[in-house]
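**Q** This is a predicted model, with the sequence first.
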Amino acid sequence: MRIDAAERRRRLAVRHALARPLADPEAVAEAVVALHSTDPASMTLGVLARLTTPRLSEVERALYEDRSLVRILTLRRTVFAVGADRVEEFLTATRRSVAEAERRKLRTMLADSGLDDPEGLLDRAHRTALEAAERLGTFSSADLAEAEPLLATRIAIGAGTKYATHQSLASRLLIVLSAEGHVVRARPAGSWASTNFRWSPMRRWLGRDPRDLDPEIARATVARRWLERFGPATPADLQWWTGWTKGHTMTALATLDTVEVELDEGPGVMLADDLDPTPEVGPWAALLPALDPTPMGWKARDWFLGPHRERVFDAVGNAGPTVWVDGRVVGGWAIRDDATVAFRLFEDVGRHALELVERRAHELETLLDGTVVKARARRWTAVERELRG
C-alpha cells in the first residue's frame, strides 16, 4: 500500500488543526500530541495559530489557572506542554531516556567537581531538595539554593572543556526532579514570552503525585497517539521524535496493530484502523513559529519541506518560523525588533494563497501587540536574518 505526499499533507492539515482550527488550547495539545515548550513564546504562538478565536488569555488559563496543560521535561530531554491527564504517560515513557540519564549525568558532575561519595551526596541532596520544595511552595532555583546549604554547593559543569562553568547544585538538581515528575515549571516571572520560570512541587500544582505506570505500556500509548496524529511515518521518525532507543521504539510499535506502507522516503507504518483516505480540504495558510510540533514532528521532512530546509532550519536541526500553504512549507517569517511581522515566500503560490498568508501575518502582528519575540533554544535561521536586516 502506497501513501503519497498529497495524502500526508491532507492528514497534516486536518489532524494538526491547521485547516480546521480548534476551540481551546487543550484540544490543540491533543491534536499535536505534545507542544514543544522550551521556548514558551513559540509554544504560545503555535497554539494561537490553531485556535478558532486566538486569545492569549486562553493559553494563560490552560497553563496557570485550570492547569489543564502542564510543562514537563520529557521527549529528547526537551520541555513539552501536555494535557494534565497525560503527564504520567510521558514521564514514564521517557524515564529511561531522560530522568535516569539526567541523574547519571549529575552524579558524574559531582565526581568531576572533586566531591566525596557522589552517589551518597546526590541521594542526600535529592531528599533535601524535595523537603525544601514542599516548604517553599513556589520558588526559583535561587530560592532553592538558599533554602539549604547543601543545595548551594557549587559544582563544575563541563569540567575540562573550554565551556566549563559552575552552578549551584540546586540548579542542576531541578532538571533531575523535573524529569522525575517531582517538580513542575509554574508561572514565569515576567510576560508570556519570558523563560524565567518559577517552580512548584507537582503534587501542589496538579493536586496529586504522578502515578507509576508500566514503562512498556506508557511507551506503546505514546507511540499510538503519535501515529494517530503523525502517521504514516517511519520507525526512525518515531525514534527521533521520542528520543528512545531503537529497541524501545520497535518494541512499542510491535505492540500496536499496524500495517506496512510505502512512503516517498521508504517503508513506513500506519495504524491498521486508520487507513481511510482524507477528504480534500479547502485552501489554507499558516504562520507556524519556531520549534512548532508540525515541522519538528518527523525526521524525514522532504515531503512537506521540499528544497527549503537550509533557509528555515538552523544548523543543528531546529525549525525556525515557517510559512505554510496547503501542507507545504513555502516560506519563512520573522518578528522584527519593532514587533512587526515580515515574511518571504520562496515560490509563487498564487494570488489567493498570498492573500491568505498576508492575512495570517496581519492577525499575528495584532496578537503580538508590541511584544518582540527573540530566538530562544535555537539559532536564527537564514530567512530570519534576511528579514530582520
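**A** Thanks, I have the structure now.

**Q** pLDDT on the helix or strand containing E262, on average?
**A** Applying DSSP states H and E as the criterion places E262 in strand 258-263. Average pLDDT, strand 258-263: 98.

**Q** and the nearest residue to L271 once chain neighbours are set aside, what is it in contact with?
**A** In space, and not counting its chain neighbours, L271 is closest to L227: 5.3 Å by Cβ to Cβ, 6 or more residues apart in numbering. The C-beta positions use only the backbone N, C-alpha and C, and glycine is treated the same way. By Cβ atoms under 8 Å, 6 or more residues apart in numbering, the contact set of L227 is A233, L238, L256, T258, V269, M270, L271, D274.

**Q** can you tell me which of those residues are in helices?
**A** Judged by DSSP state H, the contacts of L227 include L238 as members of helices.

**Q** Just the buried ones from the contacts of L227?
**A** Neighbour counting with 16 or more other Cβ atoms under 10 Å marks A233, L238, T258, V269, M270 as buried within the contacts of L227.

**Q** Mind pulling up the pLDDT for the residue nearest to L271?
**A** 98.

**Q** Can you say which helix or strand has I72 in it?
**A** Here I72 is assigned to strand 69-74, by DSSP H and E.

**Q** Tell me the strands beside that strand, with direction?
**A** Strands adjacent to strand 69-74 in the sheet, as given by DSSP bridges, are strand 78-83 (antiparallel).

**Q** Residues touching the partner strand, excluding its own?
**A** Counting by Cβ under 8 Å, 6+ apart, 26, 29-30, 33-38, 43, 63, 68-74, 90, 185, 243 sit against strand 78-83.

**Q** Run the chain-centre distance for that strand.
**A** Put simply, strand 78-83 sits 6 Å off its chain's centre (Cα atoms, centre = their mean, to the nearest Å).

**Q** circling back: can I get the strand holding I72 in CSV? Just the C-alpha atoms.
**A** Provided in CSV are the C-alpha atoms of strand 69-74 (Å, rounded to 0.1, in the frame of the first residue of the first chain):
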residue,chain,number,x,y,z
LEU,A,69,-1.8,21.9,30.3
VAL,A,70,1.5,21.1,32.2
ARG,A,71,5.1,21.7,31.1
ILE,A,72,7.3,18.7,31.8
LEU,A,73,10.8,17.6,30.8
THR,A,74,10.3,14.6,28.6
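
**Q** Let me see the backbone angles for A186.
**A** Phi and psi for A186, reported as degrees, to the nearest 10, are phi -100, psi -160.

**Q** who are the neighbours in contact with the closest residue in space to R124 that isn't next to it in sequence?
**A** Nearest residue to R124 in three dimensions, chain neighbours excluded: L150, at 6.6 Å (Cβ to Cβ, 6+ apart). Counting by Cβ under 8 Å, 6+ apart, L150 touches R124, A125, T128, L169.

**Q** ok, now how distant is L150 from L121?
**A** 8 Å (Cβ to Cβ, to the nearest Å).

**Q** what about the strands in the stretch 101-250 of the chain?
**A** Along the stretch 101-250 of the chain, counting by DSSP state E, counting those that start in this stretch, strands occupy 154-157, 165-168, 183-188, 197-201.

**Q** Make JSON lines from the ones you listed and add mean neighbour count and mean pLDDT to it.
**A** Formatted as JSON lines, the strands of the stretch 101-250 of the chain follow (neighbours: other Cβ atoms under 10 Å; pLDDT from 0 to 100):
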{"stretch": "strand 154-157", "mean neighbour count": "16", "mean pLDDT": "91"}
{"stretch": "strand 165-168", "mean neighbour count": "14", "mean pLDDT": "91"}
{"stretch": "strand 183-188", "mean neighbour count": "21", "mean pLDDT": "94"}
{"stretch": "strand 197-201", "mean neighbour count": "20", "mean pLDDT": "95"}
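
**Q** Any idea which of these gets closest to L368?
**A** strand 183-188 (17.4 Å; Cβ to Cβ).

**Q** partner strands of the closest one, parallel or antiparallel?
**A** strand 197-201 (antiparallel).

**Q** got the CA coordinates for the strand it pairs with in PDB?
**A** Provided in PDB are the C-alpha atoms of strand 197-201 (Å, rounded to 0.1, in the frame of the first residue of the first chain):
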ATOM      1  CA  PHE A 197      10.200  30.200  35.300                       C
ATOM      2  CA  ARG A 198       9.400  29.600  38.900                       C
ATOM      3  CA  TRP A 199       8.800  26.100  40.200                       C
ATOM      4  CA  SER A 200       6.300  24.200  42.200                       C
ATOM      5  CA  PRO A 201       6.000  20.700  43.600                       C
END
